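1. Provide a 3D model corresponding to the input given below.
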Amino acid sequence: MSNRGSRHYEAWEEHEGEEWWEDLSEMAHLTEDSLRDELKRQYQGHRYMTWVGDILCVMNPFQLVSKDFVSDVGLERYHNIPERKAWPPHNFAIADLAFQKMLLHAKNQVVTISGESGAG
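-> Below is the predicted model:
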């Protein structure tokens, strides 16, 4: 496992070194242990967002992150994305896809945000 230090990597940046699962549901052996281990590995590598099927899993970094984490550049990249996997996992993808589906189907969309009490 590579040491990435304290630098935050944007979801859309190219990464050198080890590969990241962008959708954990595609893991060959998906078990509770393998899911937990991969989430831990991604967290330690400063990858705080990953897909699990259609669910976006966002982990709390418990530290201040760069304002670029939610920058205008990122927002532009995730504007009108053609499909969920067009870009790496990010909360902007969920928002854009829900908005596109709302316009396409003329129906309300729901985004459920779940977390520990007091987590934000």
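
2. Is A95 within a helix or a strand, and which one?
-> helix 91-105 (DSSP states H and E).

3. just G115 next, same as before
-> With DSSP H and E as the test, G115 turns up in no helix or strand.

4. count of residues packed around the nearest residue to it once chain neighbours are set aside?
-> Nearest residue to G115, sequence neighbours excluded (C-beta to C-beta, 6 or more residues apart in numbering): N60, at 7.7 Å. Just so you know, the C-beta spots here come from the backbone N, C-alpha and C atoms, and that holds for glycine as well. Per other C-beta atoms under 10 Å, the neighbour tally for N60 reads 11.

5. Please apply the same query to A28.
-> Number of residues near A28 (other C-beta under 10 Å) recorded here: 5.

6. So it, which state does it fall into?
-> Classification of A28 using DSSP: H, G, I helix; E, B strand; the rest coil returns coil.

7. quick one: buried residues of the helix holding A95?
-> By 16 or more other C-beta atoms under 10 Å, the buried positions in helix 91-105 come out as 91-94, 96-97, 100.

8. for stretch 30-49, same thing?
-> By 16+ other C-beta under 10 Å, the buried positions in stretch 30-49 come out as 35, 38-39, 42, 45, 47-49.

9. what's the closest non-adjacent residue to the residue nearest in space to the middle of the chain?
-> Closest to where the C-alpha atoms of the chain average out (C-alpha atoms, centre = their mean) is M49, at 2.7 Å. Distances taken as C-beta to C-beta, 6+ apart put P89 closest to M49, at 4.2 Å, once the chain neighbours are dropped.

10. Just the pLDDT for the one you found.
-> For P89, the pLDDT comes out at 87.

11. Name all residues that make contact with it.
-> 11, 22-23, 49-51, 56-57 (C-beta atoms under 8 Å, 6 or more residues apart in numbering).

12. Check the residues you listed against H105 and report the nearest one.
-> Nearest to H105 out of the contacts of P89 is L56 (C-beta to C-beta; 20.2 Å).

13. Perfect, I'm done here.
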